[in-house]
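**Student:** Sequence first, predicted coordinates after that:
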Amino acid sequence: MISEPNITLFYSYGVHFLRTARALRQRHEAAAITAFVPKDFPEELLSSLNIRCLPLLPNPSQKRSLKHVATILRAIRGMRPDVFIVLFDSPKLRTLAALSGAGERLCYHPDGRITPMRWSFAGSLARSFMQAFRGRLRYTYIWCHVHFTRVDRSMVQKPSISDLDFSDTDQDTGV
Amino acid sequence: MANKKSARIAFVDLLFCWPPQGGADVDLYHVLEALTGHDLDIKLYVPHFEGIMGRGVVSMPQLPFQVEILEIPRRHQNRSAILGVLREAVTTWNPEAVILTHGYALKAHLALALQDYPLAGRYYAHELFCARDSLRFKNNLPCPYNYLDHADICRRCALKTLGPQIRTGRAGAWTQEYLLAEAYARAYHSVAISALETMKRVVVYNHQLEETLGKYRDKAMVIPGGVPTGEPSPACQSASLFPPNKKIVFMSGRAEDPAKGLSVLIEAGARLLRHRQDFHIVITHYDPMWRGPFFSSTGWLDHVQARALMAHATICVVPSLWQEPFGLVAVEAMMAGVPVCASDTGGLRDIVKHQDTGFLFPPGDAGALAHALEVLLDDDNRCRAMGRAGRDRACNSYTWSMVVDNYYLPLIESLLS
């Protein structure tokens, strides 16, 4: 018999927090799920899903201190989670996930993707740097297009089907 | 209609997901479901980009119509390969007509790739007229420019808005297609115009959008969305958050989006609060901590839960500041027998009959909204009468079977003729 995992969900101010909580409960009907939420969060929204609330986080408008971080981290580690879930992929949340002690660390993105947070903090920074470098190159290229060329309405010419190219260019679009 | 019986109609959607990720998915699902019941041979083609969610993710074991998911491996995610895969799949089935449904900048290229077929394009918002998103909403106002006529202004605006996503390499669906279609290039304007010329029909949600089509207006067909018949599920946990003994003024939808005009409703509520306390505003804002003395939020709700909650409302408000293409929330409220106070713009203007099924007020006019709310809060009989009239209108004009019979079958017939 496979036992249900002990899941910890970490609140972020994002559109998909409740959606993620509902999806988690649907996916793991019998699992023990604990959510770290801000102090003013209406707990009835999660208790109706049989999710335990720990209102240890400061409200989104409040300032956070190192003391807060230490308290939260101690509480998370005390939960001994099998799965630790965050809602955004950022260096801060990666660090928190890495320190949570959970065997499996996942990010539930706003667009519905679920990605494992396997990368190390340094790896994550390197990847972000590479992405940003490629992104800036591409942005510069597009900027030149947009600012140095003009649309000429008299140039509208409908291509025939034989003019179109459907061959796989095998180029990396970076999308 | 004899030839329609056996006609093969291909639908191509660049974004379809089920369970749905947006209103366009729901719209297409119901249209295809209803069309399948008319003995047409219907097939939906959807590309699924490896590693990218929100496109072609169909996890239901069986849909009530044929679907072909076309896998696009990561290394083939370039424009010509994607168009090649879609064209080959459609050509193999050899339909008599093709209807392009949801998609952004790639849709124009797709129209040209499928130009051998009688073609219609369905547009769900302002994606045809705006280069940066489908809202065409800027600085808290509907944008006066449109890409077909002011391409260079729109290209710059799009780059300014999409720049951060491009620089960080974290592209959403719109930016993905912007990059794949090279919608920033001047040549794309020619592609967009040619695509419009290729299409036999251009389907939009409302008459304002039809006007914006300019010289392509003769191809336009205004087809509204619809709502399912039947009562919504009565069970909704969030209803327990409603304060007792108060009349509920309800705003459903993506309330956190500034284009939806939540600030107008809050200002109207603040005006009403000066002389009455018998109401409470409930909003489906995703943040359940977003609350105040006369308003509160339910937190994020899925579509079914939001509809269920609608039945508990006294009045539904749709204070949109942008030109709402359809305004599904208004029709859902009418179906639930709830009067609607809506901005006099876009599709809402077509849906709400002023002083019959609710009130229309100028977009952004909190005073006019407060006045309309006051009238309804003061007069329960009028409120109920408007709710009944709304329900009749929704049942007679906006059920899916009506929409398909009155609009989609003639559309298909015009493509086949």
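**Tutor:** Thanks, I have it.

**Student:** any idea which helix is longest in chain A?
**Tutor:** helix A:121-148 (DSSP state H).

**Student:** Any buried residues in that one, and which?
**Tutor:** For helix A:121-148, a neighbour-count test (16 or more other C-beta atoms under 10 Å in any protein chain shown) marks A:124, A:128, A:134-135, A:138-139, A:142-143, A:145-146 as buried. (C-beta placed from N, C-alpha, C; glycine too.)

**Student:** which one in chain A is furthest away from the centre?
**Tutor:** Each residue of chain A has a distance to the centre, and by C-alpha atoms, centre = their mean the biggest one is for A:S154: 45.5 Å.

**Student:** Quick check: residues of the stretch 1-150 of chain B near chain A?
**Tutor:** B:21, B:49, B:52-54, B:57, B:75-81, B:83-84, B:87-88, B:112-113, B:115-116 (C-beta under 8 Å from any C-beta of the partner chain).

**Student:** same thing but at 7 Å, please
**Tutor:** Taking C-beta under 7 Å from any C-beta of the partner chain as the criterion, the stretch 1-150 of chain B approaches chain A at residues B:21, B:53-54, B:75-78, B:80-81, B:83-84, B:87, B:112-113, B:115-116.

**Student:** quick check, nearest of those to B:N406?
**Tutor:** Comparing those against B:N406 with C-beta to C-beta places B:Q21 closest, at 27.5 Å.

**Student:** List phi and psi for the closest one.
**Tutor:** Main-chain dihedrals, B:Q21, degrees, to the nearest 10: phi -110, psi 0.

**Student:** And for the residue nearest to it when sequence neighbours are not counted, the neighbour number?
**Tutor:** Among residues not flanking B:Q21 along the chain, B:G54 sits closest, at 5.8 Å (C-beta to C-beta, 6 or more residues apart in numbering or on different chains). For B:G54, the neighbour count with other C-beta atoms under 10 Å in any protein chain shown is 18.

**Student:** helix or strand for B:G54, which one?
**Tutor:** Counting by DSSP states H and E, B:G54 is held by no secondary-structure element, helix or strand.

**Student:** Tell me, what's the model's pLDDT at it?
**Tutor:** Looking at B:G54, its pLDDT stands at 72.

**Student:** what ranges do the strands span in the stretch 251-400 of chain B?
**Tutor:** B:279-283, B:295-297, B:315-318, B:340-343, B:358-361 (DSSP state E, counting those that start in this stretch).

**Student:** Determine which stretch of those strands is the most buried.
**Tutor:** strand B:340-343 (a mean of 29; mean count of other C-beta atoms under 10 Å in any protein chain shown).

**Student:** outside of that one, which residues touch it?
**Tutor:** The contact list for strand B:340-343 (C-beta atoms under 7 Å, 6 or more residues apart in numbering or on different chains) reads B:261, B:315-320, B:327, B:330, B:333-334, B:348, B:352, B:357-361, B:363, B:369, B:372-373, B:390.

**Student:** ok, now with 6 Å
**Tutor:** For strand B:340-343, contacts defined as C-beta atoms under 6 Å, 6 or more residues apart in numbering or on different chains pick out B:316-320, B:330, B:333, B:348, B:352, B:358-360, B:363, B:372.
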